[in-house]
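Peer 1: Sequence first, predicted coordinates after that:
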Amino acid sequence: MSTVLLALGTVVLLWALGGGELLRRRCPVGHWYIAGYPSAALRVWSTWRRVALLNDLTVNRRPPRALLGGLVVIGDALRPVVPRASLPRATRLGLTVTVRMCPGQTPAVYRAAAEAFTHAWKVHAVRVTSPERGMVRIAALASDPLASPGLAMAPKTLLSALVGIGESGGAWVIDLLDVPHWLVTGATRSGKSTLLARLIAELSPQDVALVGIDCKGGMELGPFAPRLSALAASRREAVALLGGLLIELHQRMRLCRGHDARSIWELSPKLRPVPVVIIVDEVAELYLSDGTRAGRAESEQCSAMLLRLVQLGGALGLHLVVAGQRVGSDLGPGVTALRAQLGGRICHRVHDSGTAEMTLGDLDKDAVAAAQSITTEEPGVAIRTGPDGGWERARSHRLTPEETAGTVARHASRTPHLPTLESALAGMREGEEE
Ligand SMILES: Nc1ncnc2c1ncn2[C@@H]1O[C@H](COP(=O)(O)OP(=O)(O)OP(=O)(O)O)[C@@H](O)[C@H]1O
């Protein structure tokens with residue numbers, strides 16, 4: 001007994017002498033379980049009723065009317081009923097509380113109270129989700145898990161790329177078989193190029209053709225050229241390349257029709273054409289016109305061809321990943337139509353609310369607000385949508401240009417030849433020389 005007391009006394013003394021701070025820095029998870037969680041759980045328990053009352057999370061119940069000698073006694077005050085919450089469950093660097101909603105309530109009222117929970121529980125952030133009907137899960141994060149994220153792991157499958165880690169600690173995977181087309185937005189220096197580099201590095205070892213459209217002279221996608229089956233570095237080249245991709249699309253359609261298949265995945269592996277991932281960097285360059293008739297015609301052509309590709313390409317193994325700093329309706333109605341077809345969304349820090357709205361607004365207003373709260377100190381942090389329609393804050397795995405160049409060079413021999421695209425680009429270049 002005396003030994004246990006001595007050990008306990010030593011721990012308390014070490015803690016008092018600054019051991020707690022040392023543990024917090026060296027082993028934040030251990031510190032959270034020993035000290036952080038018990039005090040946070042106590043705060044949740046002691047403040048739940050007050051926070052619920054102040055944030056309209058209660059419903060009013062009329063007490064049963066009493067009968068006194070045949071007379072109904074009325075005039076009793078309404079009694080607020082506080083929704084029942086589970087005991088706070090510890091998670092790695094956080095805790096969760098599951099709440100049974102009162103009849104008539106929706107998760108939206110709990111989402112609106114997230115900020116109040118954050119302050120009352122003295123935590124970094126609170127996220128509210130509804131995993132099943134009638135229930136909400138309130139997850140509190142002790143600190144920002146994306147401030148110094150570790151590396152996540154995920155199984156390697158065709159057309160899926162492990163690009164980072166989510167706030168919940170899970171892997172951030174872009175799975176093009178699940179969601180065929182993606183929109184990636186973000187202001188300059190927000191981490192778009194790093195994400196695209198990571199995507200290309202992950203797809204490079206796979207039996208996949210990669211095609212680049214980078215109208216800024218190929219500055220962003222040029223370094224990946226050894227692993228790209230085709231690269232358009234100007235809008236004129238983009239028009240030719242998109243034309244070639246549409247020819248490829250029609251060839252694939254004919255192939256599928258000839259074998260009674262509704263997608264290339266229903267064809268036998270011998271017949272199946274290689275999947276193509278088309279990466280468009282700075283999409284606005286395709287839509288903006290310099291005012292000349294030729295410029296206007298080019299942007300209209302690009303808009304129409306991109307739309308056709310996204311509408312029909314998914315089943316035919318033609319996938320689009322479209323990135324841009326600014327993707328607003330001012331670029332023309334073609335952009336809004338394109339956005340509707342890009343099921344996957346990733347929004348980094350943005351300059352203008354219009355781009356966040358354009359990327360996430362049609363899915364979830366809370367996601368728009370979360371994207372707008374990403375700061376310049378958080379490069380690589382983004383709001384990403386999941387296949388279930390939900391969204392999460394996530395951070396891409398950082399990749400240096402040397403690492404990317406190494407990966408691309410290692411897998412350059414896997415680059416498939418796509419004759420339709422090569423001849424479309426060659427034809428256009430010959431025409432220009434004449
Ligand atoms: N996940 C990340 N973690 C840490 N740093 C990152 C991450 N992603 C990007 N960065 C850093 O942020 C800076 C800007 O990144 P990046 O070039 O990818 O941004 P961008 O949005 O493509 O900018 P631009 O539009 O100007 O090309 C770089 O210094 C990069 O190293």
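Peer 2: Nice, thanks for sending it over. Just so you know, these numbers come straight off a predicted model, no measurement behind them. Residues are numbered from 1 along each chain as shown.
Peer 1: where's the residue in the stretch 1-150 of the chain positioned nearest to the ligand, which helix or strand?
Peer 2: Nearest residue of the stretch 1-150 of the chain to the ligand, counting by CB to the nearest ligand atom: residue 149, 8.2 Å away. From N, CA and C alone the C-beta is placed, and that goes for glycine too. Remark: residue 149 resides in no helix or strand, with elements defined by DSSP states H and E.
Peer 1: Flag every residue of the stretch 101-250 of the chain that's near the ligand.
Peer 2: 186, 188-194 (CB under 6 Å from any ligand atom).
Peer 1: and the two most separated of these?
Peer 2: 188 and 194 (12.5 Å; CB to CB).
Peer 1: So which of these two has more stuff around it?
Peer 2: Taking other CB atoms under 10 Å, residue 188 and residue 194 do not tie; residue 194 has more neighbours (22 against 10).
Peer 1: Sticking with that one, tell me its helix or strand.
Peer 2: Using DSSP H and E, residue 194 falls in helix 192-203.
Peer 1: Can you add pLDDT and give the residues of the stretch 101-250 of the chain next to the ligand back as CSV?
Peer 2: Shown next, in CSV, are those (pLDDT from 0 to 100):
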residue, pLDDT
186, 95
188, 92
189, 93
190, 96
191, 95
192, 94
193, 93
194, 94
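Peer 1: who wins for neighbours among those?
Peer 2: Busiest of these [other CB under 10 Å] is residue 186, holding 30 neighbours.
Peer 1: is it true that that residue touches residue 347?
Peer 2: Yes - using CB atoms under 8 Å, residue 186 is in contact with residue 347, at 6.9 Å.
Peer 1: Now do the shared contacts for these two.
Peer 2: Residues touching both residue 186 and residue 347 by CB atoms under 8 Å, 6 or more residues apart in numbering: residue 382.
Peer 1: follow-up on the earlier one: what secondary structure does the residue nearest to the residue of the stretch 1-150 of the chain closest to the ligand when sequence neighbours are not counted sit in?
Peer 2: Ranked by CB to CB, 6 or more residues apart in numbering and with sequence neighbours excluded, the top spatial neighbour of residue 149 is residue 165, at 4.6 Å. Classification of residue 165 using DSSP: H, G, I helix; E, B strand; the rest coil returns strand.
Peer 1: contacting residues for residue 165?
Peer 2: Residues near residue 165 by CB under 8 Å, 6+ apart: 146, 149-152, 171-172, 394-395, 397.
Peer 1: Just the closest of these to residue 26, please.
Peer 2: Relative to residue 26, the closest of the contacts of residue 165 is residue 150; by CB to CB it sits at 15.2 Å.
Peer 1: Show the pLDDT at the closest one.
Peer 2: You'll see residue 150 listed with a pLDDT of 73.
Peer 1: Give the buried residues for the longest helix along the chain.
Peer 2: In the chain, taking DSSP state H as the definition, the longest helix is helix 235-258. Buried residues in helix 235-258, defined by neighbour count with 16 or more other CB atoms under 10 Å: 235-246, 248-249, 252, 255-256.
Peer 1: Ok, stretch 156-166 next?
Peer 2: Neighbour-count burial for stretch 156-166 [16+ other CB under 10 Å]: 159-166.
Peer 1: Check stretch 314-328 too.
Peer 2: The neighbour-count check on stretch 314-328 (16+ other CB under 10 Å) flags 314-328 as buried.
Peer 1: Now intersect those with the strands, please.
Peer 2: In strands, defined here by DSSP state E, the members of the buried residues of stretch 314-328 are 318-324.
Peer 1: could those be laid out in a markdown table, adding distance to the ligand and pLDDT?
Peer 2: Formatted as a markdown table, those follow (distance: CB to the nearest ligand atom, whole Å; pLDDT from 0 to 100):
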| residue | distance to the ligand | pLDDT |
| --- | --- | --- |
| 318 | 24 | 98 |
| 319 | 20 | 98 |
| 320 | 18 | 98 |
| 321 | 14 | 98 |
| 322 | 14 | 97 |
| 323 | 8 | 96 |
| 324 | 9 | 93 |
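Peer 1: and which of those residues is nearest residue 31?
Peer 2: Among these, and counting by CB to CB, the member closest to residue 31 is residue 323, at 39.0 Å.
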